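Engineer: Please work out how this folds:
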Amino acid sequence: MCTVTYIPTSDGFILTSSRDENPEKETLSPAFYQFEDKTLAYPKDLSGKGTWIAVDHRGHTSCLLNGAMEKHIKKEKYRKSRGILVLESLLCRNFSDFYRSIDLEGIEPFTMVMVEPGTESVINPIILRWNGETKHLKAPNSKEPFILSSSTLYNLKAKKIRQNWFDNWINTKSISPQSILDFHNRKHGLDPEIDILMKLPNGIETVSISQIHYHNSKIDFKYLDLLRENSHTFTIISNPSSP
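Structural biologist: Predicted coordinates:
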């Protein structure tokens, strides 16, 4: 939920998310869970009952980062967990409907990456930002890879350093789901507070890496639990006509 990379492929996309969090926060590994009337695949945050990344049987994928464009002052209470919004976005027919209908009043600022496979292998990534007052929608070039970093943990200077790491890596490496996991799962510099595999003096660190690989009408979901040093992988057969 704090570092996200999007990589387009010839037959789909790879979305990978590093979760930088308090290691004591309880989380369940990805599985199929029922949310309202729909079955979704996601890791579950037991405190907020939501998630930071989820996918449905159509391949529609939503991923959350904390904060919008810049770091905000946290309020004592919010109306709803941002992790619930990730699940609610997948209840809609498409992400445009979600954007038009969602009421974000009283929700803590966030950035949400939503990727929607369309017809004839067209992939539509969307970036939704909410700064506490206004919604901002961006549709990046679906054929261009990108990296996003949470504004609550990384300032503009740190984001530029991380962008440079990503640019240098993607220009020199053979791209595959495993190579992208390796990018997320190693140190790139000398400062652990801004590294991709990060750790802060207050105990916040990269606790897991989640990856959704949509390809050839299949969805591979891989989850690395860095605290317990284990991994969890399963495959979903995509059904674009699924409600």
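
Engineer: Do a quick rundown of the helices in the protein.
Structural biologist: Using DSSP state H, the helices of the chain run over residues 82-89, 95-101, 156-172, 177-184.

Engineer: what separates stretch 33-51 from the chain centre, distance-wise?
Structural biologist: 15 Å (CA atoms, centre = their mean, to the nearest Å).

Engineer: how far away is the residue nearest the centre of the chain from residue 222?
Structural biologist: Residue closest to the average C-alpha location in the chain (CA atoms, centre = their mean): residue 63, at 3.0 Å. For residue 63, the distance to residue 222 equals 14 Å [CB to CB, to the nearest Å]. (Each C-beta comes from the backbone N, C-alpha and C, glycine too.)

Engineer: Residue 118 now?
Structural biologist: The value you get for residue 118 to residue 222, if CB to CB is used, is 24 Å.

Engineer: Likewise for residue 208?
Structural biologist: Distance of residue 208 to residue 222, given as CB to CB: 11 Å.

Engineer: Counting neighbours, go ahead and name the busier of these two.
Structural biologist: residue 208 (24 against 19; other CB atoms under 10 Å).

Engineer: residue contacts, that one?
Structural biologist: Applying CB atoms under 8 Å, 6 or more residues apart in numbering, we find residue 208 in contact with 18, 19, 27, 43, 223, 224, 225, 226, 227.

Engineer: Can I get the buried ones among these as something I can paste into ChimeraX?
Structural biologist: In ChimeraX, this line selects whichever of the contacts of residue 208 come out buried by 16 or more other CB atoms under 10 Å:
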select :18,19,27,43,223,224,225,226
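
Engineer: from the contacts of residue 208, which single one is nearest residue 146?
Structural biologist: Residue 146 has its nearest neighbour among the contacts of residue 208 in residue 18, at 14.6 Å by CB to CB.
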